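Asks: This is a predicted model, with the sequence first.
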Amino acid sequence: MQALYAQLLVGLINGSFYALLSLGLAVIFGMLNIINFAHGALYMMGAFVAYFLLNLGGINYWWALIIAPVIVGIFGMILERTMLQWLAGLDHLYGLLLTFGIALIVQGVFQNYFGSSGLPYSIPDQLKGGVNLGFMFLPIYRGWVVIFSLVVCLATWFLIEKTQLGAYLRAATENPTLVRAFGINVPRMITLTYGLGVGLAALAGVLSAPINQVRPLMGADLIIVVFAVVVIGGMGSIMGSIITGFALGVIEGLTKFFYPEASNTVVFVLMVVVLLVKPTGLTGRAA
Amino acid sequence: MKNTISALLLGTAMALSAVGVASADDKVVKIGVLSDQSGLYADLAGPGSTLAAQMAIEDSGLKAKGWTIDLISGDHQNKPDIGTTIARQWFDVDKVDTIVDVPNSGVALAVNNVVKEKNGVYINSGAATSDLTNAQCTPNTVHWTYDTYMLAHATGQALVKAGGDTWFFLTADYAFGAALERDTTAVITANGGKVVGGVKHPLNTADFSSFLLQAQASKAKIIGLANAGGDTTNSIKQAAEFGIVKGGQKLAALLLFLTDVKAIGLETAQGLNFTETFYWDLNDNTRAFSKRFAEKMKNGAPPTMVQAGVYAGLLHYFKALEALGGNPHDGAKVVAKMKTIPTDDPLFGKGEVEANGRVTHDAYLFEVKKPSESKGPWDFYKLVGTVPGNQAFTPLDKSTCALLKK
């Protein structure tokens, strides 16, 4: 029983990353109608920027949590302005192919210069060590990841669903022409939204840098699972992606305990089941 | 008309030259480096193995003696089906004579069968499974550098004798992990130890925390990592996070490469004990080679033991070719020749290719240095012991290779 608690907690930790990443994907898909396959590469860039900030600039983890998402977010906005905006109104497939190509290029460039085995990034001193919870030894850093990402996820949800700015955003996706008639700069809002989604990916990258290796393929390995999470939760649903992210982390964690060999596949099995039973995803509305 | 005649003449000339190559003393040979070029084993083999092969061709001096040696490389992506497809295409279409490297035991065993079927030469340096020179041995295969038997005996035995008599395994769920766990378990039980549990994890896993918690709960004295590359580095890093070593359990990285230590960082990796057969800073020869190698690597990395094995294996292969004098396309014949010549190269020293295809050379027990002891960007290892070549690998009387039963 004790082991089970521990596995649940570990699942929540992984779920935090799924939630942060799938949230960014959901925001981008919901507002821009783009299936952002470059998300994994941008997550990886977040981790690399944190590494460079530390090793070249001497800038610590805490600043990296702010600076890396901004830098990668700006990179994302440049992508949106120079390439993605021309695909507005076209079939999803075009956006998917373009972002997939971008992902391959970015990963290839990083792999060329930094190899595949990764670079070390250590846990900040303030979060080193752990606490004994009785049923498990919880590294403080992992606890921090869960709480921090939960806060970020909820803040993003609040921003989009409950504020004036979020209302504009949602209106702009619903009917861009009308919103423009009210004097709102819709293209700029879309660029900023893409920047926000990308920034969330980069933030997840910084969070994961001390746990996993800073590797060029760290995003490619994760993105497929995250897409499955988004599909299960329902494309474009903000709260759905957050809840499914955490839930699937837990389910995966339990699989690792009961039948480890299947831990890589369980998410996809679930995806198949959900698609068969409810093709719009658990929280998605029919289009 | 004039054009037609000149075209005909050109065609004839080309045909003649083609015939010329084939009928002369046949000294044309083609080598394929089949590796993981972009996945989790790409740094320990990959492009560095191709570079090592190029250096072996240059250093052999065979080109000056009238040989033509071509080199191609391929990416098996850690998938046996892709590996065998490339191998078949190389033999059938590209007329490759020899395949080298091939990390990932699953792919290596699959390619092993293709090479035998096509009667090529197979110099494996990257894969660990000892099956290559036991149950799956062929007259076409030479296994350089290391194998699971050697890793299990060198590292496993040392740890059990030092008091680590209960083990829990984290095993990569494919041919390599299974072989390494099997061979290590044999050593543990033979020395009076016990395996109390284990988990099989999928290849290329990012998060090991679930598995590590199970290992922690098992209370085993030693947590044996029967995995490699990125899986090992993630296991070690996350074990430190969960306070496993501080809690009194010891990690046994059964297979650890130089590039893994670099990726983990000395801060976390210090004190790990493991076995390798090559390290760049062993002696003057290894240092000289590694310096030349690192200058040509994009990230300035010295060679790993796998890359060193590609170099040494090819050098020995070229010696056999030279002894044969030409006509290098009968793979079994070339490998038979390789077995008659004692191995002697600057990186692995003296040894021999045994009848089952196993190459014997010394193995070294290393310990990872403390950050304060390291004097340079790749100064990672302290030598703590040497296992002589004739004791490091499967003794011939215990090998299950069918070639030995003639």
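Replies: Good, I have the coordinates. Numbering: from 1, shown residues only, chains lettered A, B, ... in the order given.

Asks: For the rest of this, base every contact and every neighbour count on C-alpha atoms.
Replies: OK.

Asks: Counting neighbours, what do you get for the residue nearest to B:Tyr41 when sequence neighbours are not counted?
Replies: Closest residue to B:Tyr41 apart from its sequence neighbours, by CA to CA, 6 or more residues apart in numbering or on different chains: B:Gly229 at 5.8 Å. The number of residues packed near B:Gly229 is 24, by other CA atoms under 10 Å in any protein chain shown.

Asks: Could you list which residues are in contact with B:Gly229?
Replies: With contact set as CA atoms under 8 Å, 6 or more residues apart in numbering or on different chains, B:Gly229 has these partners: A:Ser117, B:Leu40, B:Tyr41, B:Leu44, B:Leu256, B:Phe257, B:Asp260.

Asks: Provide the backbone phi and psi angles at the fourth one.
Replies: When read as degrees, to the nearest 10, the backbone of B:Leu44 gives phi -80, psi -20.

Asks: close enough to count as contact, it and B:Ala301?
Replies: No: the criterion here is CA atoms under 8 Å, and B:Leu44 misses it with B:Ala301 at 10.1 Å.

Asks: who has more neighbours, the two?
Replies: Shown here are B:Leu44 and B:Ala301; by other CA under 10 Å, B:Leu44 has more neighbours (27 against 20).

Asks: The more buried one: what's it in contact with?
Replies: B:Gly229, B:Phe257, B:Leu258, B:Thr259, B:Thr304, B:Val306, B:Gln307.

Asks: Can you check the pLDDT for it?
Replies: Per-residue pLDDT puts B:Leu44 at 92.

Asks: returning to that earlier point: take the contacts of B:Leu44 and keep only those in helices.
Replies: B:Leu258, B:Thr259, B:Val306, B:Gln307 (DSSP state H).

Asks: three-state assignment of B:Thr171?
Replies: strand (DSSP: H, G, I helix; E, B strand; the rest coil).

Asks: so for stretch B:371-382, what's the average pLDDT?
Replies: Mean predicted confidence for stretch B:371-382 is 94.

Asks: now check that stretch, is it near chain A?
Replies: No: Stretch B:371-382 lies out of reach of chain A by CA under 8 Å from any CA of the partner chain, never closer than 12.8 Å.

Asks: C-alpha coordinates for that stretch, PDB please?
Replies: Extracted in PDB, the C-alpha atoms of stretch B:371-382 (Å, rounded to 0.1, in the frame of the first residue of the first chain):
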ATOM      1  CA  PRO B 371      35.300  16.700  -9.400                       C
ATOM      2  CA  SER B 372      38.400  17.900  -7.400                       C
ATOM      3  CA  GLU B 373      40.600  15.200  -8.900                       C
ATOM      4  CA  SER B 374      39.700  15.900 -12.500                       C
ATOM      5  CA  LYS B 375      42.200  18.000 -14.400                       C
ATOM      6  CA  GLY B 376      40.500  18.400 -17.800                       C
ATOM      7  CA  PRO B 377      37.200  18.200 -19.600                       C
ATOM      8  CA  TRP B 378      37.500  14.500 -20.200                       C
ATOM      9  CA  ASP B 379      39.600  13.500 -17.200                       C
ATOM     10  CA  PHE B 380      37.100  11.100 -15.500                       C
ATOM     11  CA  TYR B 381      38.600   7.700 -14.600                       C
ATOM     12  CA  LYS B 382      40.900   6.300 -12.000                       C
END
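
Asks: check whether whichever strand or helix holds B:Ala178 contacts chain A.
Replies: According to DSSP states H and E, B:Ala178 maps onto helix B:175-190. No: Helix B:175-190 stays clear of chain A (CA under 8 Å from any CA), getting no nearer than 12.9 Å.

Asks: who touches that helix?
Replies: Contacts for helix B:175-190 (CA under 8 Å, 6+ apart): B:104-106, B:127-131, B:148-149, B:151-153, B:156-157, B:160, B:165, B:169, B:171-172, B:194-195, B:226-227.

Asks: next helix or strand past it?
Replies: Counting by DSSP H and E, the next helix or strand C-terminal to helix B:175-190 is strand B:194-201.

Asks: Quick one: mean pLDDT over that next one.
Replies: Here the average pLDDT along strand B:194-201 is 94.

Asks: Need the contacts of B:Leu44 in JSON lines (columns: pLDDT and distance to B:Ala206).
Replies: Below are those laid out as JSON lines (pLDDT from 0 to 100; distance: CA to CA, whole Å):
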{"residue": "B:Gly229", "pLDDT": "87", "distance to B:Ala206": "12"}
{"residue": "B:Phe257", "pLDDT": "94", "distance to B:Ala206": "18"}
{"residue": "B:Leu258", "pLDDT": "94", "distance to B:Ala206": "20"}
{"residue": "B:Thr259", "pLDDT": "92", "distance to B:Ala206": "17"}
{"residue": "B:Thr304", "pLDDT": "96", "distance to B:Ala206": "23"}
{"residue": "B:Val306", "pLDDT": "97", "distance to B:Ala206": "24"}
{"residue": "B:Gln307", "pLDDT": "97", "distance to B:Ala206": "25"}
